[in-house]
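[1] Sequence plus the predicted model coming up.
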Amino acid sequence: MFQIDDIVMYTIYGICKITDITEFSFTGTPIKYYILVPLSESKTQLTVPVDNELTKKRLHHLLSESEINDIIHEIPFLDVYWIDKDNDRKVIFGDVVKSGDRRETLRLIKSVKQHILDIKDKGRKLHATDEQAMKDATKLILDEFSYVLNKDRTELFLELDSELSPKIM
C-alpha cells in the first residue's frame, strides 16, 4: 500500500502525489481511496480505490535512477514489431501504455518510429491512433525519467529520441 506524500506513476496521468487516503461510502460500504494530484496538473485531483485490480495495474512506484539507466541502455536491443490490423494494434498499444511496463512502452515508441520510416517511402502517413499512442507513451516515459533523473524534459527527449529512432544503414 502506498502512503500519503508518496510520488507515484499513474499510467494514465503520469507522475502524481498521493495527498490523502480517505474513505467514502458511496454504496453504504466504506471503501478506501487514494487522492492523487498529477504533478503536471496541480488543479486536478483523482480519486482511485485502494483495493481495486485496475488501480493495482496502473499505480506504480517510480523506478530508481539505476533502473531507468539500465532500461535506457537496453533500448538498442529492444525488438520492434508491428501489428497489421488497426483495431488490434490500437487495443494492444493502449494496453501497453496503461500497463506501466517501461520497457514495453519504449519498445512501442521504437516500433512506431520504425513504422514511420517504413511508410514514409510509400507516401503514407501514420494513423492518428498510432500517433496518439506514441504521444501518450512518450509523455509517460518523459514524465518519470526526467523527474527521477532530474533532467530537463527537452534534453532527455533528445537523448531518448536518438536511441529510439531507427538507424539508417
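    Yep, it's here.

[2] Only C-alpha atoms from now on, for both contacts and neighbour counts.
    OK.

[3] okay, the longest helix seen in the chain in CSV with CA atoms only?
    When every helix of the chain is counted residue by residue (DSSP state H), the longest turns out to be helix 128-149. What follows is helix 128-149, C-alpha atoms only, in CSV (Å, rounded to 0.1, in the frame of the first residue of the first chain):
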residue,chain,number,x,y,z
ALA,A,128,-3.9,9.1,-35.8
THR,A,129,-4.4,6.4,-33.2
ASP,A,130,-0.8,5.3,-33.6
GLU,A,131,0.4,8.8,-33.3
GLN,A,132,-1.7,9.3,-30.1
ALA,A,133,-0.3,6.0,-28.6
MET,A,134,3.2,7.2,-29.2
LYS,A,135,2.4,10.7,-27.7
ASP,A,136,0.9,9.1,-24.6
ALA,A,137,3.8,6.6,-24.2
THR,A,138,6.4,9.4,-24.7
LYS,A,139,4.7,11.6,-22.2
LEU,A,140,4.7,8.9,-19.5
ILE,A,141,8.3,8.0,-20.1
LEU,A,142,9.5,11.6,-20.2
ASP,A,143,7.5,12.4,-17.0
GLU,A,144,9.0,9.7,-15.0
PHE,A,145,12.5,9.6,-16.4
SER,A,146,13.0,13.4,-16.3
TYR,A,147,11.6,13.5,-12.7
VAL,A,148,13.8,10.7,-11.4
LEU,A,149,16.9,11.7,-13.3
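
[4] what helices or strands is it leaning on?
    Under the contact definition 3 or more Cα pairs under 8 Å, 6 or more residues apart in numbering; DSSP states H and E, helix 128-149 sits against strand 14-24, helix 65-74, helix 86-99, helix 102-120, helix 153-164.

[5] So which residues make contact with the shortest one?
    Residues from elsewhere that reach helix 65-74, judged by Cα atoms under 8 Å, 6 or more residues apart in numbering: Arg102, Arg103, Phe145, Val148, Leu149, Leu160.

[6] distance of the last one from Glu65?
    As judged by Cα to Cα, to the nearest Å, Leu160 and Glu65 stand 15 Å apart.

[7] swap in the third one?
    Here the distance between Phe145 and Glu65 works out to 8 Å (Cα to Cα).
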